[in-house]
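J.: What follows is a predicted protein model with its sequence.
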Amino acid sequence: MWRPVSEQLRADPAMDNDIMRRYIQDFSLDDCKHGNQGYSRVLIQLFGFTGHGKSSFINSCKYVVDDGPYKVYARVAPSEYKPETMIRSTYELTRTITLVDNRGCVILKKDETGEIYAQLGNFLPLNTTVNWHAGYEDTLNRILESEREERSADFIVPVLVYNSQLQMSSDDDSNLKEMLVMARDITGMFPMVILTHETSEHLLKNQEQFRRMGTQYIFSVENYTGQDTVKSHRKHEKILQCLHEIVRIVEFQMRERRDPIAENITRKKILLTFLMEREKERAIVEEDIKREGAKPTKKNICLLL
């Protein structure tokens, strides 16, 4: 008989990998308190900077959950500044759970940020190329085009992937906090954070910075790679614990009555309001710079990027 993960944990605090794996594999939205309520799958939306380990995490999740030979499903970026993922790709983890490798950004520029939120809100087509567009109108057109596809049946779980080898700067701190809060507003759930390279010397500091941003769920993992496929109990355990927690969160959220269509409409309103406000800011900055004697400030330049 299917049992909520919380009950399993209370019964066995030292839950082993096989129990966690079976729970993840067997989880069904139909078994939740009020049934599936119109949702057909759980969409784990991976987002963040390029080269921080989203694709490697997907390959690791498939390796750990399938419990078979290591395979490369998502191609991995050769470096932080040479992104491999240009397509918003999906990878089925179980019959209920799908991983989404969203296109990441190198820096948090205005146009890229809007497109990231459009991906998180599930308003850009899956398994198609994501291009950074030049303004509000272009992004709006893509959102309107997306209405041809029905995606309100996806239960969205936002997950930020961050490379803990990198020491977070003060600018990164403020920009990431803004991104996390906006991701929460759009998806209705504060993002979970996965820190890759858990042996990094910067891990503890990055964990503390994300806690200060309000993040409740922070997991550190060591991804498997094509050069390192030897099964490790700790690597398996950490990845399974992360996925296990995601399912637990979904189970908890599904205890409430929900309306996926209404949630989709709310997400769209929040995204469009954000895009309009950013476009107004951009127009004001451009007008200020055109005035005689006006000089662009660092903040204004960022708004125009």
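T.: Noted; the coordinates are in hand.
J.: what's the offset of the lengthiest strand in the chain from the middle of its chain?
T.: Criterion DSSP state E: the longest strand present in the chain is strand 154-163. Distance, stretch centre to chain centre, for strand 154-163: 2 Å (Cα atoms, centre = their mean, to the nearest Å).
J.: Kindly export the following helix or strand past that strand (C-alpha atoms) in CSV.
T.: The C-terminal neighbour of strand 154-163 among helices and strands, as given by DSSP states H and E, is helix 170-187. Listed next in CSV are the C-alpha coordinates belonging to helix 170-187 (Å, rounded to 0.1, in the frame of the first residue of the first chain):
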residue,chain,number,x,y,z
SER,A,170,27.2,40.6,-3.5
ASP,A,171,25.6,41.4,-6.9
ASP,A,172,24.9,37.7,-7.4
ASP,A,173,23.3,37.6,-3.9
SER,A,174,20.8,40.4,-4.6
ASN,A,175,20.1,39.3,-8.2
LEU,A,176,19.5,35.7,-7.1
LYS,A,177,17.3,36.7,-4.3
GLU,A,178,15.1,38.7,-6.7
MET,A,179,15.0,35.7,-9.0
LEU,A,180,14.0,33.3,-6.2
VAL,A,181,11.2,35.6,-5.1
MET,A,182,9.9,36.1,-8.6
ALA,A,183,10.1,32.3,-9.2
ARG,A,184,8.0,31.8,-6.0
ASP,A,185,5.4,34.4,-7.2
ILE,A,186,5.1,32.7,-10.6
THR,A,187,5.1,29.1,-9.5
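J.: What residues sit buried inside helix 170-187?
T.: For helix 170-187, burial by neighbour count (16 or more other Cβ atoms under 10 Å) applies to 172, 175-177, 179-180, 182-183, 185-187. In short, each C-beta sits where N, CA and C put it, glycine included.
J.: Where do the strands of the protein begin and end?
T.: 41-47, 89-92, 97-101, 154-163, 192-196, 218-221.
J.: In a markdown table, list the ones you listed along with distance to residue 21 and mean pLDDT.
T.: Output for the strands of the chain, formatted as a markdown table (distance: least, Cβ to Cβ, whole Å; pLDDT from 0 to 100):
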| stretch | distance to residue 21 | mean pLDDT |
| --- | --- | --- |
| strand 41-47 | 16 | 95 |
| strand 89-92 | 16 | 94 |
| strand 97-101 | 12 | 96 |
| strand 154-163 | 19 | 96 |
| strand 192-196 | 18 | 97 |
| strand 218-221 | 15 | 96 |
